[in-house]
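Trainee: Give me a 3D structure for the following:
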Amino acid sequence: MSDHFFDFNQMWVSGEQWVVPFSYEKVKERAAGILKLIPEAGEDR
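Mentor: Residues are numbered from 1 along each chain as shown. The predicted structure follows:
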């Protein structure tokens with residue numbers, strides 16, 4: 001079992017809903033951080 005299996009269990013039990021952000025703007029608003037992977041110069045892609 002994942003450590004995150006019950007993350008939203010208490011919300012579910014109390015009848016609350018977790019809204020999944022689907023648009024790019026909403027995802028960006030709720031992001032905890034951004035990870036950019038940039039290849040070094042001269043690397044083949």
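Trainee: Nearest residue to the middle of the chain?
Mentor: A centroid search over the chain (CA atoms, centre = their mean) returns Ala31, at 6.9 Å, as the residue closest to the centre.
Trainee: got a pLDDT number for that residue?
Mentor: Ala31 carries a pLDDT value of 90.
Trainee: distance between the longest helix seen in the chain and the chain's centre?
Mentor: If you go by DSSP state H, the chain has its longest helix at helix 24-30. Here the centre of helix 24-30 is set off from its chain's centre by 10 Å, with CA atoms, centre = their mean, to the nearest Å.
Trainee: out of everything not next to it in sequence, what's closest to Val27?
Mentor: Closest residue in space to Val27, ignoring its immediate chain neighbours: Pro21 at 4.8 Å, by CB to CB, 6 or more residues apart in numbering. From N, CA and C alone the C-beta is placed, and that goes for glycine too.
Trainee: where does this protein have low pLDDT?
Mentor: 43-45 (pLDDT under 70).
Trainee: same thing but at 80, please
Mentor: 42-45 (pLDDT under 80).
Trainee: So which residues of it form helices?
Mentor: Per DSSP H, the chain carries helices over the ranges 9-13, 24-30.
Trainee: In TSV, list the ones you listed along with distance to Gly42 and mean neighbour count.
Mentor: Converted to TSV, these look like this (distance: least, CB to CB, whole Å; neighbours: other CB atoms under 10 Å):
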stretch	distance to Gly42	mean neighbour count
helix 9-13	49	10
helix 24-30	31	10
